[in-house]
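> What would the 3D arrangement of this be:
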Amino acid sequence: MTSKFLHALLIATSVLLAGHAPAQEEPALRIDFSVHVLPPQQATGNAELGVIDDVHYAYGDIEVPLHLKEGRQSILYPYAGPPRLALFRVVKQDGKSIRQPVCYADIPSGTAAAVLVLQRSGENYRVKPFWFSKADLKEPGFLVNISQIPIGIQLAKNKQVLLPPGNRMALHPEFSREENHAYLFLEAFVSEQRDDTARLRKVLECNLFFPKGDTQLNLLIPRSRLQISCVNLSTRGIPNRNARNELERLIPAPKMR
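Residues are numbered from 1 along each chain as shown. Predicted coordinates:
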C-alpha cells in the first residue's frame, strides 16, 4: 500500500466520519420571568386573595415551585430549557410523580425576559405572556391595552392617542438628574353612546411610576364596560427575601440580570 493511497484513504475516512457525526444538542434557551395572577373579577375591597402553592416550572431537570398570590407579582425566576415554558403541578400517580400541565407559553426568538399574567380557568389557568428583548429592557416602560375595546390615552399634556385592543406603546417619562425615578400622569377614555351620540368618557386617571433602570409593564385591564384599572408590574419581579432564599437552595447561584 503506497503512502499516497494511505493518505487518501485517511482523508476519505475522516470526511465520512465527519458526515456521520452525531448532531450537537442545541443549548438551552435562557430567560428570566415573573408571574402575576389576576384576582377574580368579583374580588373587591378587602376580599381575601388566594395563595397558589402547587404550581411549578422546570429549570433544566429541577422542578421549581412558584410562590404566587392573586393580585401580586412574583419574584424573578431564571429559566433554562426548551422554547416552550410550561407550568405544571406535580402529582402522585401509581406511586410515581408526574407533571400535570397547567398552562404553557412558547418563547419567541430573541426574548430576554417575560412577565406571565395568569387568570384562573377552572382548575387551570389561562396565560397571557409579555415578552421583552434586550432592546425592550432599555426602555423605561410600556402601556398595554388588554381589554376588548379601543382606549384613548393622554399622557401629561400630550395629545390623545388611540390604543387598540392588544396593542402596546412605549412610555418615555422624563428623569431628572437628581432623581432615580420619574412619574407620568395618564388619563384614559372610552367611547360612550348617549342619546344617539358618541361621547368620550374618562375611565381612569393615575400617576405611573418608573424607577430608573427597571422596565415597567403597565396593563390596562377592564373591570366593566366603563371601568378600567391599571396594573403596574416590573420586569425584575418583586423583592422577597424568603422566596429568593428558597430559590437559591434549589438552584445554587442562579444567574439573573
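> Distance check, Thr197 against Ser191.
Applying Cβ to Cβ, to the nearest Å, the value for Thr197 to Ser191 is 10 Å. All C-beta atoms are positioned from the backbone trio N, CA, C, and that covers glycine.
> cool, Gln119 as well?
If you go by Cβ to Cβ, the gap between Gln119 and Ser191 works out to 26 Å.
> and these two? which has more neighbours close in?
With neighbours defined as other Cβ atoms under 10 Å, Gln119 and Ser191 compare such that Gln119 has more, 16 against 12.
> give the contact list for the more buried one.
By Cβ atoms under 8 Å, 6 or more residues apart in numbering, the contact set of Gln119 is Val37, Leu38, Tyr125, Arg126, Lys128.
> for Ile146, same thing?
Val117, Lys128, Pro165, Gly166, Leu219, Leu220, Ile221, Pro222.
> Tell me who's in contact with the closest residue to the last one other than its chain neighbours.
In space, not counting the residues next to it along the chain, Pro222 is nearest to Ser147; the distance is 4.1 Å by Cβ to Cβ, 6 or more residues apart in numbering. In this structure, Ser147 makes contact with Pro165, Leu220, Ile221, Pro222, Ile228, judged by Cβ under 8 Å, 6+ apart.
> Go ahead and list the helix or strand containing Ser147.
Following DSSP states H and E, there is no helix or strand that holds Ser147.
> For it, give me phi and psi.
Dihedral pair for Ser147: phi -90, psi -180, per degrees, to the nearest 10.
> just Glu123 next, same as before
According to degrees, to the nearest 10, Glu123 has phi -80, psi -20.
> gap between it and Pro211?
37 Å.
> And for the helix or strand where Leu247 lies, what's in contact with it?
Element membership of Leu247, judged by DSSP H and E, is helix 241-250. Helix 241-250 has contacts (Cβ under 8 Å, 6+ apart) with Tyr59, Ile62, Val64, His67, Ser74, Ile75, Tyr77, Pro254.
> Comparing Glu123 and Pro211, which shows the higher neighbour count?
Pro211 (15 against 8).
> ok, that one - contacts?
If you count contacts by Cβ under 8 Å, 6+ apart, Pro211 has them with Asn180, His181, Ser234.
> now, which of those sits nearest Gln160?
Set against Gln160, the nearest of the contacts of Pro211 by Cβ to Cβ is His181 (25.5 Å).
> how much space between the nearest residue to that closest one once chain neighbours are set aside and Met169?
The shortest distance from His181 to any non-neighbouring residue, by Cβ to Cβ, 6+ apart, is to Pro211 (5.0 Å). Separation of Pro211 from Met169 (Cβ to Cβ): 19 Å.
> Also Ile221?
Going from Ile221 to Met169 by Cβ to Cβ gives 16 Å.
> again with Leu233
The spacing between Leu233 and Met169, counted by Cβ to Cβ, is 16 Å.
> So these two - more neighbours on which side?
Leu233 (21 against 15).
> Isn't that one up against Gln73?
Yes. Using Cβ atoms under 8 Å, Leu233 makes contact with Gln73 at a distance of 5.4 Å.
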